[in-house]
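Participant: next comes the sequence, and after it the predicted model I'd like to discuss.
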Amino acid sequence: MTRQIPWSGDTVADVMTHAVAAVGRDAGIDEIVETLHGRRVSALPVLAGDGRVVGVVSECDVIAAELAAADSGPGPTAGQLMTAPAVTVHPEASLAEAARAMLARKVKRLPVVDAEDRLRGIVSRADVLKIFLRGDDDVARHVRFELMAALTPQQVAGIDVSVVEGRVHLSGRLPTEPGPAVLSRLVLGVPGVVDAVVDVAQPA
């Protein structure tokens, strides 16, 4: 699969959506559902009165609350249902940082906040992937090039490189240093790499 190669300066601010649906802490289930369906999203940032993002409430949160409801009285608020603290990202963060945060926390979108945690936009996995990811073959070639530049031919010969949707897996055996931490830093510096797993054995 061929994907567009980003400029090195691409940041979250370059791809984020500025018009964001959100709810306040006191929003009830009806308001949450109406906003989710009206904006065709699966989760909403929850805001404090001053605009700070304090959590995220999702369709799953609402469904769980409705299934657990024991009576017809007032349901829980967004503040009671939300996941907190929210996983957020700053506008100046790189697309690689945003992609890694989404993968690590298993979320599809991140609220974008300023230095005071006030909502400035939202970035989705689709926003990041459509501009960030390179073709896997291209990434693999670049990773091998960087390995050849940093290691000896004997070391490189012992490492296998595989890439799936920007996630790099190094496997094999190294006769000498560097260790996995150094290799991981080297790989993560390659444009188009979303994540790196280093499974390289070394002599005791």
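Facilitator: All right, it came through fine. Numbers count the residues shown, from 1 in each chain.
Participant: the strands in the protein, which residues?
Facilitator: For the chain, strands defined by DSSP state E occupy the ranges 23-24, 43-47, 53-58, 109-113, 119-124, 159-164, 167-173, 195-201.
Participant: mind putting those into JSON lines with mean pLDDT and mean neighbour count?
Facilitator: Just so you know, the C-beta spots here come from the backbone N, C-alpha and C atoms, and that holds for glycine as well. Below are the strands of the chain laid out as JSON lines (pLDDT from 0 to 100; neighbours: other CB atoms under 10 Å):
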{"stretch": "strand 23-24", "mean pLDDT": "96", "mean neighbour count": "18"}
{"stretch": "strand 43-47", "mean pLDDT": "95", "mean neighbour count": "25"}
{"stretch": "strand 53-58", "mean pLDDT": "95", "mean neighbour count": "23"}
{"stretch": "strand 109-113", "mean pLDDT": "94", "mean neighbour count": "25"}
{"stretch": "strand 119-124", "mean pLDDT": "93", "mean neighbour count": "22"}
{"stretch": "strand 159-164", "mean pLDDT": "92", "mean neighbour count": "16"}
{"stretch": "strand 167-173", "mean pLDDT": "90", "mean neighbour count": "17"}
{"stretch": "strand 195-201", "mean pLDDT": "87", "mean neighbour count": "16"}
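Participant: can you put the ones you listed in a markdown table and add distance to residue 16?
Facilitator: Listed next are those as a markdown table, based on distance: least, CB to CB, whole Å:
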| stretch | distance to residue 16 |
| --- | --- |
| strand 23-24 | 19 |
| strand 43-47 | 13 |
| strand 53-58 | 14 |
| strand 109-113 | 5 |
| strand 119-124 | 4 |
| strand 159-164 | 26 |
| strand 167-173 | 23 |
| strand 195-201 | 21 |
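Participant: quick one, which of the ones you listed gets closest to residue 100.
Facilitator: Judged by CB to CB, the one of the strands of the chain that comes nearest to residue 100 is strand 195-201, at 6.0 Å.
Participant: direction included, what does the closest one pair up with?
Facilitator: Using DSSP bridges, the strands paired with strand 195-201 are strand 167-173 (parallel).
Participant: the strand it pairs with versus strand 159-164: what angle between them?
Facilitator: 160 degrees (axes from the mean of the first three to the mean of the last three CA atoms, to 10 degrees).
Participant: restrict strand 167-173 to CA atoms and write it as PDB.
Facilitator: Output of strand 167-173 as PDB, limited to C-alpha atoms (Å, rounded to 0.1, in the frame of the first residue of the first chain):
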ATOM      1  CA  ARG A 167       4.800  -0.800  13.300                       C
ATOM      2  CA  VAL A 168       8.400  -2.100  13.000                       C
ATOM      3  CA  HIS A 169       9.500  -5.400  14.500                       C
ATOM      4  CA  LEU A 170      13.200  -6.200  14.700                       C
ATOM      5  CA  SER A 171      14.100  -9.800  15.500                       C
ATOM      6  CA  GLY A 172      17.200 -11.900  15.400                       C
ATOM      7  CA  ARG A 173      20.500 -12.000  17.300                       C
END
